[in-house]
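Colleague: model the structure of this input:
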Amino acid sequence: MRFLVIACVATVIASPALSHETDPRTDALSADVWRKERRLVDMHMHIESKPERFERAVGIMNAAGVGLGVELGSGTVVAPEGENSGIEKNMEIAREVAPGRFLNYMILDYSGFEKDDWGDRAVAQIEKAHALGVAGVKEFKRLGLTVRDANGRLIPVDDPKLDPVWKRCGELCMPISIHVGDPKAFWEPYNESNERWEELKDHPSWWFGDPKKYPTREVILEQFLNIIAKHPETTFVGVHFANNPEDIDWVSRNFDKYPNMMGDIAARIPEIGRGDPEKLRAMFIKHQDRLLFGTDFQVWDRMILGSAGDDERPTDYDALVFFQKCFRFMETDDRDWAHMTPIQGSWTISSINLPAEVQRKVYFDNANKLLARSLPAPTLQAVRAAEPVKLDGKLDDAVWSKAPFARIEYTLEESDPRPDLSTAVRAAWDDDYLYLAYEAPFTELTMKDPVPSDERLGLWNDDVVELFVGTDLENINAYDEFEWAPSGEQLDVRLNLPEKDFPWSSGMESKALIDRENKLYRVEARIPISTFTESTPKVGTRWRAALYRNDAANDVFLAWRPTLKATAHVPERFGWLELVDEPSN
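Modeller: From the prediction side, this is the model:
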């Protein structure tokens, strides 16, 4: 695949093909589809707390196909009485300008570190951040290098006073993105003989080669491993390729040794890409569950694309090219090409052409699992139908060609990806009905033969696709459950937890069609709008919703948004169903 540079930063979403030309398994392994649907997660961004900075960032993310950015270092939770903290201000701006597009990581306030109660106060910072909805903690390259207590003592990465912080993060499922070192060149002579001289001369504070001021790089990396070993229940994401991109063997050994260690690739493709591409490719495949896509994309008064010199002023177009070069590295076999961040070195790099299953793990699956607790609730847009939808299971009505897809492809409790069983869902509506269209691949079907004539309790244990809808926004425990099987069986239940009304009937109808040759079944269903509201529906109406699919042969229950529990009935984990005229870009 080649990446073509577009001439402007604009988002063009192509209409999906008609359903008989689609296969959710193919979509599940297509980087072009992922970018079209903006599924990529950038685990390493820095956006200044100003509306115009977030607006600019989102425009570039849209063009590049990045749906979610993790804003690292949004600020501390510490603030004068009666004022919002830095991270609260950043989160408020992000919510107003770009709802659902960013997650925020906090940074620690080290003030008073020398005092005996600092550990307790630091844990309180973590707990406050968690209550605010902060996703994780970012530690800049301060520990072991620059941050000192009031007595002038350099605070090492593995200082025992930090143990309560690392422990509490693990208890609260808050991952830690931690930067503890830099390229080897930053410890080498500060002169033109240094291979990173162009970068260092513009950033002299990045040079750590004075042994009177700084410990060695090896000492800091050892301190980093100490905290990973000491806190096995806490996930540490070593940024910049686990803080040691020049030694992928070291990274691989420690991934083997520490299950709680991960790494993002932000700003280090120029470094890892200069070595043997086949060796690196094998390393990515071996540790495909431990690596995360990130770029170190930054938007301040100027943009920074991985790194930058003082005089660089990249454009939005340059930023898009930067992202496309990241994709080129992951998805092609190209050799010896100029990398995306020239200031980081004059050498060329070679691409590693990862298998699609590995690409998607690095691009978004691993991030979705790591951040499952914090991910924004998804929205399925139901598009207005110009005419009633025929229930024939063929999914060839005109409305389905423009309705956006939702993907049911993560396990309910663990949020593990199952692209081989990826199930596509679309929704439409008119004044009379809500329509659903499912496309579900299978290996073998589990269903009753002959088909019972009445609704059957326990249908959910066979092959089935499901929709939950709650219209009472004041009572999240009240919702309706709808199930459809490839056999043609269906079941509906009205719930107000813990009560369940099985005799209740919505008057829904459905048609299932099994394509045994391609091992895919399709379901079209319609539910009377009167089930949800007594009034005529309006554009902009939003109901709480959840989408599920059981595959009995593979003993797997899949979710659109995992509940992180062993049950689908977790209404606080529902997403949204929104009635629209046309899908938004």
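Colleague: drop to CA atoms for contacts and neighbour counts, all remaining ones
Modeller: Will do.
Colleague: residue 180 against residue 243, yeah?
Modeller: Yes - judged on CA atoms under 8 Å, residue 180 makes contact with residue 243 at a distance of 6.5 Å.
Colleague: what is in contact with those two at once?
Modeller: Residues touching both residue 180 and residue 243 (CA atoms under 8 Å, 6 or more residues apart in numbering) are residue 221.
Colleague: low-confidence stretches in the chain?
Modeller: 1-21 (pLDDT under 70).
Colleague: hmm, 50 instead?
Modeller: Along the chain, the model assigns pLDDT under 50 to residues 1-20.
Colleague: what sits against residue 125?
Modeller: 77-78, 108.
Colleague: name the helix or strand for it, please.
Modeller: helix 118-132 (DSSP states H and E).
Colleague: ok, then the element right after that helix?
Modeller: Following helix 118-132 in sequence, per DSSP H and E, is strand 136-139.
Colleague: tell me the strands beside that next one, with direction?
Modeller: Neighbouring strands of strand 136-139 in its sheet, by DSSP bridges, are strand 102-106 (parallel), strand 176-178 (parallel).
Colleague: which stretch among the ones you listed comes nearest residue 371?
Modeller: For the strands paired with strand 136-139, distance to residue 371 was read as CA to CA. The smallest value, 9.2 Å, belongs to strand 102-106.
Colleague: can I get the CA coordinates of the closest one in PDB?
Modeller: Output of strand 102-106 as PDB, limited to C-alpha atoms (Å, rounded to 0.1, in the frame of the first residue of the first chain):
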ATOM      1  CA  PHE A 102      -9.500  13.100  24.200                       C
ATOM      2  CA  LEU A 103      -8.600  11.400  27.400                       C
ATOM      3  CA  ASN A 104      -6.400  13.200  30.000                       C
ATOM      4  CA  TYR A 105      -3.500  12.100  32.100                       C
ATOM      5  CA  MET A 106      -2.500  14.000  35.200                       C
END
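Colleague: next, the angle from it to helix 118-132.
Modeller: Angle of strand 102-106 versus helix 118-132, following axes from the mean of the first three to the mean of the last three CA atoms, to 10 degrees, is 170 degrees.
Colleague: who's in contact with strand 102-106?
Modeller: For strand 102-106, using CA under 8 Å, 6+ apart, the contacting residues are 68-77, 87, 91, 94, 129, 134-138, 374-375.
Colleague: do you have the strands of the stretch 1-150 of the chain handy? List them.
Modeller: For the stretch 1-150 of the chain, applying DSSP state E, counting those that start in this stretch gives strands covering 40-47, 66-71, 102-106, 136-139.
Colleague: format those as JSON lines; extra columns: distance to residue 217 and mean neighbour count.
Modeller: Output for the strands of the stretch 1-150 of the chain, formatted as JSON lines (distance: least, CA to CA, whole Å; neighbours: other CA atoms under 10 Å):
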{"stretch": "strand 40-47", "distance to residue 217": "22", "mean neighbour count": "26"}
{"stretch": "strand 66-71", "distance to residue 217": "26", "mean neighbour count": "24"}
{"stretch": "strand 102-106", "distance to residue 217": "25", "mean neighbour count": "25"}
{"stretch": "strand 136-139", "distance to residue 217": "17", "mean neighbour count": "24"}
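Colleague: quick one: closest of the ones you listed to residue 232.
Modeller: Set against residue 232 and scored by CA to CA, these come closest in strand 136-139, at 16.5 Å.
Colleague: alpha carbons only: can I get the closest one in PDB?
Modeller: C-alpha atoms of strand 136-139 as PDB (Å, rounded to 0.1, in the frame of the first residue of the first chain):
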ATOM      1  CA  GLY A 136      -3.900   7.800  33.900                       C
ATOM      2  CA  VAL A 137      -0.700   9.400  35.100                       C
ATOM      3  CA  LYS A 138       2.100  10.900  33.100                       C
ATOM      4  CA  GLU A 139       5.600  11.200  34.500                       C
END
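Colleague: how far does that strand sit from its chain's centre?
Modeller: Strand 136-139 has its C-alpha centroid displaced from the chain centroid by 16 Å (CA atoms, centre = their mean, to the nearest Å).
Colleague: residues in contact with that strand?
Modeller: Here strand 136-139 makes contact (CA under 8 Å, 6+ apart) with 72-73, 104-108, 169, 174-179.
Colleague: repeat that with 10 Å
Modeller: With CA atoms under 10 Å, 6 or more residues apart in numbering as the test, strand 136-139 has contacts from 44, 70-76, 103-108, 126, 129-130, 157, 165-166, 169, 172-180, 236-239, 371, 374.
Colleague: which of those residues count as buried?
Modeller: 44, 70-76, 103-108, 126, 129-130, 157, 165-166, 169, 173-180, 236-239, 371, 374 (16 or more other CA atoms under 10 Å).
Colleague: between the strands paired with strand 136-139, which one is closest to residue 482.
Modeller: Of the strands paired with strand 136-139, the one closest to residue 482 (CA to CA) turns out to be strand 102-106, at 32.1 Å.
Colleague: between that closest one and strand 40-47, how big is the angle?
Modeller: 50 degrees.
Colleague: what is the distance between strand 102-106 and the centre of its chain?
Modeller: So, by CA atoms, centre = their mean, the centroid of strand 102-106 is 12 Å from its chain's centroid.
Colleague: kindly report the same for stretch 237-245.
Modeller: 19 Å.
Colleague: and what of stretch 98-118?
Modeller: Worked out by CA atoms, centre = their mean, stretch 98-118 lies 21 Å from the chain centre.
Colleague: sheet partners, orientation included, of the secondary structure element (helix or strand) that residue 544 belongs to?
Modeller: Following DSSP H and E, the helix or strand that holds residue 544 is strand 542-551. Strand 542-551 pairs in its sheet with strand 464-470 (antiparallel), strand 556-559 (antiparallel), strand 575-580 (antiparallel), by DSSP bridges.
Colleague: could you dump these to CSV with distance to residue 31?
Modeller: Shown next, in CSV, are the strands paired with strand 542-551 (distance: least, CA to CA, whole Å):
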stretch, distance to residue 31
strand 464-470, 26
strand 556-559, 21
strand 575-580, 24
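Colleague: out of the ones you listed, the one nearest residue 28 is which?
Modeller: Nearest of the strands paired with strand 542-551 to residue 28, taken as CA to CA: strand 556-559 at 14.2 Å.
Colleague: in the closest one, what's buried?
Modeller: 557-559.
Colleague: just stretch 542-556 next, same as before
Modeller: Buried, per 16+ other CA under 10 Å, within stretch 542-556: 542-552.
Colleague: wait, doesn't residue 69 sit right on residue 62?
Modeller: No - contact criterion CA atoms under 10 Å: residue 69 and residue 62 do not qualify, at 11.1 Å.
Colleague: wait, what's in contact with residue 483?
Modeller: So residue 483 contacts 459-460, 463-468, 489-493, 510, 525, 548-549 (CA under 10 Å, 6+ apart).
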